[in-house]
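Need coordinates for the below:
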Amino acid sequence: MRHNFRYDVDDLLAKDKAHAMHPWHEFGRSDHTLLADSEGIYVYDGAGNKYIDGIGGMWAVQLGYGNEEMARAISDQVRSMVYYSPWSMATPPHAEVSAKLATLTPGDLNRFFYSTGGSTANDAAVRFVHYYWNVMERSTKKHIITRADAYHGSTYLADSLCGKPGNDTRMERVTEWISHVSSPNPYRKPDGMTDGQFLDHLIDELEGRIEELGAENVAAFIAEPVLASGGVIVPPDGYQKRCLEVCRKHDVLYISDEVVTGFGRMGHFFASEPVFGIVPDIITAAKGFTSGYIPAGLTAISEKLHRDIVDKSGDSATFSMGFTYSGHPVAMAAALKNIELMERDRIMEHARATGDYFQDRLRSLADLPMVGDVRGVGLMGCVECVKSKTGKEPFEESLSVGKRIDRKCQEYGLILRPMWHLCVFSPPIIISEGQVDDMVGIMEKAIREVADDMIREGSWDGKE
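This is a model prediction of the structure:
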């Protein structure tokens, strides 16, 4: 690849600051980095500096950057049929990717509703659930149970499902039919509890909440198999399966949010069944569905739910929800090619092997200063920094420990995702073991230097 870095970086960043509002817009912020080029697992800033992309763009760029076959598939589709209304017409890639997905999803999840991303996929899931129960003449079933530390998107409805800390309390949310239960974070379990006792506690809480609300009023439970943006929280073993059992017992639908865990992040197209042993009623996905090359999301719905609606209301029943860009032909062509390349090049097998190596290397950071917990599964991980390893007290948000570590990492050629006192990883799943070593080596150096800086300036006493 020939890189072109003929950019006036200061001018472009000034324009960006003057006119653009980024997601989670910080008023007055002026320290964005201008990324101008990319190749493989690397991105380059406007001055030509090279970085390992430790976060895969945003959990998304599974196949890495600059894949020529993806580019050709997208450009070919643009030339043949760039767009048509999904209301009344089908296109070849829309039909082909749907049939292909039906061979990849678990159980009978063979019906697919397409949208533009994870937020809209989760919106569609909840709206379908409400529609389903209304058709079934059980219209009191409205409550959606979600969890603390969950992240399900940024639309009004999807954001209301979130329990991630740091959401601005001045944003309005749906509250009357959304209920949160505890985060399944083993690192933060009550003192004196074993993991097994913690698991029992979480399951008892979920069942208790359903009974408190009344099973006749609870429509669905929505859960990421691993809570990604909440800090890569891996629940206790057996958690997902036991949650599903509780839902089945009380006739509550189970929505598995695989926007992050799907399409290779855990070495499978969908992680729900092969990793966690569950076949949910609905799965949502996005991000890795197209490896981030074109925005797209999907909501996979079980054949049983689809058939129930037809049996109850006949062929005239209409799920009256859709987007202008549902099943966009170019996005579907990108998704189809993405799946083809993953299968042909044995990307899932690579991701499983490299994911195990990544977890081993990541755990080597556990003894570093400030590091309280190192956790993850597959090619997703988190380093949690704390004031004291024994007390587990997190650093104050004002100290921006995660951001300080990220800035140090960028000095040495790595971009990670800082969240308060957390440092999150989700590199492209094509990453090699040698590149994992580079990434973890930079992280170790950055943590040590930030710890030394904070001791020197007096913002941390360095006691473990």
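
residues contacting K287?
K287 makes contact with M58, W59, A60, G117, G118, V259, V260, G262, F263, according to CB atoms under 8 Å, 6 or more residues apart in numbering. For glycine as for every other residue, the C-beta is placed from the backbone atoms N, C-alpha and C.

can we see that at 10 Å?
56-62, 117-118, 228, 258-263, 265, 295-297, 426 (CB atoms under 10 Å, 6 or more residues apart in numbering).

the helices in the stretch 151-300 of the chain, which residues?
156-160, 195-213, 239-249, 272-276 (DSSP state H, counting those that start in this stretch).

Mean pLDDT added to the ones you listed, as CSV?
Output for the helices of the stretch 151-300 of the chain, formatted as CSV (pLDDT from 0 to 100):
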stretch, mean pLDDT
helix 156-160, 96
helix 195-213, 98
helix 239-249, 98
helix 272-276, 98
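
Any chance of a markdown table for those helices, columns mean neighbour count and distance to K141?
Below are the helices of the stretch 151-300 of the chain laid out as a markdown table (neighbours: other CB atoms under 10 Å; distance: least, CB to CB, whole Å):
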| stretch | mean neighbour count | distance to K141 |
| --- | --- | --- |
| helix 156-160 | 19 | 17 |
| helix 195-213 | 16 | 10 |
| helix 239-249 | 19 | 12 |
| helix 272-276 | 19 | 22 |
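
export those to TSV and tack on distance to V129?
Listed next are those as TSV, based on distance: least, CB to CB, whole Å:
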stretch	distance to V129
helix 156-160	12
helix 195-213	15
helix 239-249	12
helix 272-276	17
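
Of these, give the one that comes closest to T318.
Nearest of the helices of the stretch 151-300 of the chain to T318, taken as CB to CB: helix 156-160 at 20.1 Å.

elements contacting the closest one?
Judged by 3 or more CB pairs under 10 Å, 6 or more residues apart in numbering; DSSP states H and E, helix 156-160 is in contact with helix 118-135, strand 143-147.

Let's see that with 8 Å instead.
Using 3 or more CB pairs under 8 Å, 6 or more residues apart in numbering; DSSP states H and E, the elements in contact with helix 156-160 are helix 118-135.

Which strands and helices lie in contact with the helix it packs on?
strand 111-115, helix 156-160, strand 218-223, strand 253-257, strand 282-285, strand 297-301, helix 303-313.

Check the ones you listed for me and report the most buried one.
With neighbours taken as mean count of other CB atoms under 10 Å, those reach their highest mean count in strand 282-285, at a mean of 29.

ok, the closest residue to M81 other than its chain neighbours to A446 distance?
Nearest residue to M81 in three dimensions, chain neighbours excluded: P329, at 5.2 Å (CB to CB, 6 or more residues apart in numbering). Note on P329: its distance to A446, by CB to CB, to the nearest Å, is 43 Å.

H268 now?
Counting by CB to CB, the gap from H268 to A446 is 31 Å.

Could you do V401 as well?
Here V401 is placed at a distance of 11 Å from A446 (CB to CB).

the more surrounded of the two?
With neighbours defined as other CB atoms under 10 Å, V401 and A446 compare such that V401 has more, 28 against 22.

Run a quick check on that one versus R407, I expect a contact.
No: when contacts are counted by CB atoms under 8 Å, V401 is not listed as touching R407 (10.9 Å).

can you list the residues that contact stretch 60-79?
Contacts to stretch 60-79, defined as CB under 8 Å, 6+ apart, come from residues 1, 38-43, 53, 56, 93, 263-265, 287-288, 291-294, 329-330, 333-334, 336-338, 341-342, 347, 428-430.

Next, the buried residues of that stretch.
Residues A60, V61, Q62, L63, G64, Y65, N67, M70, A73, I74, Q77 are the ones in stretch 60-79 that count as buried (16 or more other CB atoms under 10 Å).
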